[in-house]
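# give me a 3D structure for the following:
(one chain, ligands or ions: 2)
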Amino acid sequence: MHQDIEKVLIDEEVIKKRLDVLAEKVMADFEGESMVVVALLKGAVLFMADLLRRVPLSMEIECLNVASYHGGTESSGVVSFLDHTLPDVAGRHVLILDDILDTGRTLDAVMEKLKQQGAAEVKTCVLLAKDIPREEVMAADYTGFVIGDEFVVGYGLDYRGRYRNLPYVGILKQSVIG
Ligand code: IMP
Ligand code: MG
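Ligands and ions are numbered 1, 2, ... in the order given. Now for the predicted structure:
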């Protein structure tokens, strides 16, 4: 797997240090609230596990299965909700976790859905955000790292379902993307 990587963009140690900082911010903002974390499958799984271990607050953890890329390297622009039921967030303070904010459509769609379900507050947290011009698109409330407009894998992020288990964020060799 490692041989398919052209370059490591953010290594494991750097990610872990940044998670300490994000966790402190989340702690400060959610302390004393009725908290529900909604992690977006499957990209946020590694991020969720490592971040939430650092947040010793009382919380519920839910996962939501959404898709926007459909296996390629470009966002399709359509966000599909793949679950039959949504988590019960009425009156709760929600923190949505995702791996990356690209066009922002995924976070936007999930945020709207959870607000419609009666959430008292919805905040968003991403490991990565792409540094691309965004006019109306929201920024996340908590961002781990801002990266360039390039396709990355690892630490939850996939290419055609693979590479999520890399402990770092990296760029694939062109020969792999083909
Ligand atoms: P958005 O709706 O365009 O913000 O896309 C967000 C989703 O697209 C993320 O949850 C990822 O699953 C996927 N995505 C966006 N950029 C990348 C990337 O560089 N590598 C892998 N997946 C990505
Ligand atoms: Mg994905």
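# okay, and the helix or strand of the protein with the least pLDDT?
Comparing every helix and strand of the chain by mean pLDDT, DSSP states H and E singles out strand 80-81 as the least confident one, with a mean of 88.
# could you give the separation of that one from the chain centroid?
Using CA atoms, centre = their mean, to the nearest Å, the mean C-alpha position of strand 80-81 is found 16 Å from that of the whole chain.
# is that strand anywhere near ligand 1?
No - in terms of CB under 6 Å from any ligand atom, no part of strand 80-81 sits within range of ligand 1; the closest distance is 11.1 Å. For glycine as for every other residue, the C-beta is placed from the backbone atoms N, C-alpha and C.
# likewise stretch 157-166?
Yes - applying CB under 6 Å from any ligand atom, one finds stretch 157-166 touching ligand 1 at 157, 158.
# go on, stretch 36-50?
Yes - shown here: stretch 36-50 in contact with ligand 1 (CB under 6 Å from any ligand atom) through 40, 43.
# hmm, back to that, can you name every helix or strand that the helix or strand that the least confident helix or strand of the chain is followed by contacts?
The first helix or strand that comes after strand 80-81 along the chain, using DSSP states H and E, is strand 93-101. In this structure, strand 93-101 packs against helix 12-30, strand 35-41, helix 45-52, helix 105-116, strand 121-130, with contacts taken as 3 or more CB pairs under 8 Å, 6 or more residues apart in numbering; DSSP states H and E.
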